[in-house]
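Chemist: Just to be clear, the model below is a prediction. Sequence and coordinates:
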Amino acid sequence: MSVSTALFDGYSMELAVEEIAAVGAAHVEPAFISGYVDFDDLFAEAQALKLCRTAQNAGLGINAVSAHLDLSGPDAIEALSRRIGFAAGLGASFLITNAGPARNSAAIRATIDALLPRLEEAGMVLALENPGHGSGDLLGSARSGASFVRDIGSPYVCLNHDAGNIFTYSGETMQPAQDIADAIDTVGHAHLKDVVSTGEGWAFCAIGDGSVDYASYWAVLPATLPVCIELPLRLERRRRRDPQRRNTPVDIATIRGALRRSLEFVNALDNAEF
């Protein structure tokens with residue numbers, strides 16, 4: 001299990017790594033997600049080396065990197081190639097990204113096909129994530145994304161199933177266990193996030209504090225599936241609109257409390273009998 005640095009939006013990567021190590025986590029997932037966090041889009045070798053040393057000095061491994069982009073964009077091949085090199089420099093096994101609009105499925109497939117040899121050479125899996133907002137996405141759900149991944153037919157391409165995203169993207173009509181059931185064979189990684197559903201909208205919260213049914217989800221997840229706790233607490237979703245970042249970062253005490261509760265909840269799920 002990893003913890004995403006998205007929780008520490010507004011703070012340095014060094015502080016995020018230090019705090020994640022302090023709670024006893026074994027892995028950190030560096031997050032470079034537009035709209036979630038501010039970051040430098042260089043994805044340079046020196047940047048990877050510095051981050052790798054920071055994680056190693058804190059006793060943390062890096063199993064996955066989140067570095068989202070639209071794989072159908074005009075510069076997608078170059079942008080994805082940079083991300084693969086960056087993630088390889090961190091020793092990551094998974095590179096996580098969104099795919100793009102369903103209407104651009106041919107362009108998305110072309111980008112992936114062009115870089116499959118690079119993924120194979122790096123021994124890295126491209127994990128395509130279902131989004132939490134918008135409409136018309138190629139991977140609006142695991143069900144819709146599974147056929148795309150099966151058609152590619154490569155062990156270096158899989159789905160990253162985001163349990164919280166499926167709940168919000170579907171407008172609360174689908175819980176993650178329902179969505180993943182027929183797509184387990186295509187899922188290689190998962191993100192855990194939660195939201196409280198109120199009359200005012202959705203509020204991101206600690207895992208287990210919200211409206212996502214994690215007991216049912218955990219019961220169907222393969223025991224060996226790598227997962228990451230992702231808590232974008234700085235984001236607001238008033239009236240269930242697209243996420244907006246608050247002007248100021250979440251205070252560290254709140255972050256620590258949410259992370260501690262999330263870890264305790266997930267560990268309890270791990271020990272539960274279903």
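Modeler: Nice, I can see it.
Chemist: Please report phi then psi for the residue nearest in space to the middle of the chain.
Modeler: Residue closest to the mean C-alpha point of the chain, counted by CA atoms, centre = their mean, is H191 at 4.9 Å. With angles defined as degrees, to the nearest 10, H191 sits at phi -110, psi 140.
Chemist: can you pull the contacts of it?
Modeler: By CB atoms under 8 Å, 6 or more residues apart in numbering, the contact set of H191 is S4, I96, E129, N160, H161, D162, A163, G164, N165, V227, C228, E230. In short, each C-beta sits where N, CA and C put it, glycine included.
Chemist: all strands for the stretch 151-274 of the chain, in order.
Modeler: In the stretch 151-274 of the chain, the segments counted as strands under DSSP state E, counting those that start in this stretch are 157-162, 187-192, 194-198, 201-205, 227-229, 235-238, 244-245.
Chemist: could you pull out the helices for the stretch 101-250 of the chain?
Modeler: For the stretch 101-250 of the chain, the helices defined by DSSP state H, counting those that start in this stretch cover 105-122, 142-152, 163-169, 176-180, 214-220.
Chemist: So which elements touch the second one?
Modeler: Applying 3 or more CB pairs under 8 Å, 6 or more residues apart in numbering; DSSP states H and E, one finds that helix 142-152 contacts helix 105-122, strand 125-129, strand 157-162, helix 176-180.
Chemist: and the longest one, what other elements does it pack with?
Modeler: Using 3+ CB pairs under 8 Å, 6+ apart, the elements in contact with helix 105-122 are helix 76-89, strand 125-129, helix 142-152, strand 157-162.
Chemist: Help me confirm that V266 comes into contact with I229.
Modeler: Yes - assessed by CB atoms under 8 Å, V266 is found in contact with I229 at 6.7 Å.
Chemist: list residues touching both of those two?
Modeler: Taking CB under 8 Å, 6+ apart as the criterion, V266 and I229 both touch M1, L192, I207.
Chemist: and the last one, how many neighbours?
Modeler: The tally of other residues near I207 (other CB atoms under 10 Å) stands at 24.
Chemist: Run the chain-centre distance for the biggest helix by length in the chain.
Modeler: The residue-count maximum for a helix in the chain (DSSP state H) belongs to helix 252-271. The gap between the average C-alpha position of helix 252-271 and the chain average comes to 17 Å, counting by CA atoms, centre = their mean, to the nearest Å.
Chemist: Now that helix: average pLDDT?
Modeler: Per-residue pLDDT over helix 252-271 has a mean of 96.
Chemist: Can I get that helix as PDB, trimmed to CA atoms?
Modeler: The C-alpha atoms that make up helix 252-271 are tabulated as PDB, following Å, rounded to 0.1, in the frame of the first residue of the first chain:
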ATOM      1  CA  ILE A 252      -1.000  19.900   8.700                       C
ATOM      2  CA  ALA A 253      -3.000  18.700  11.800                       C
ATOM      3  CA  THR A 254      -6.000  18.000   9.600                       C
ATOM      4  CA  ILE A 255      -3.900  16.200   7.000                       C
ATOM      5  CA  ARG A 256      -2.300  14.000   9.700                       C
ATOM      6  CA  GLY A 257      -5.600  13.100  11.200                       C
ATOM      7  CA  ALA A 258      -7.100  12.100   7.900                       C
ATOM      8  CA  LEU A 259      -4.100  10.000   6.900                       C
ATOM      9  CA  ARG A 260      -4.000   8.300  10.300                       C
ATOM     10  CA  ARG A 261      -7.700   7.400  10.200                       C
ATOM     11  CA  SER A 262      -7.400   6.200   6.600                       C
ATOM     12  CA  LEU A 263      -4.600   3.900   7.400                       C
ATOM     13  CA  GLU A 264      -6.400   2.500  10.400                       C
ATOM     14  CA  PHE A 265      -9.500   1.900   8.400                       C
ATOM     15  CA  VAL A 266      -7.800   0.200   5.500                       C
ATOM     16  CA  ASN A 267      -5.700  -2.000   7.900                       C
ATOM     17  CA  ALA A 268      -9.000  -3.000   9.700                       C
ATOM     18  CA  LEU A 269     -10.400  -4.000   6.300                       C
ATOM     19  CA  ASP A 270      -7.300  -6.100   5.600                       C
ATOM     20  CA  ASN A 271      -8.000  -8.000   8.900                       C
END
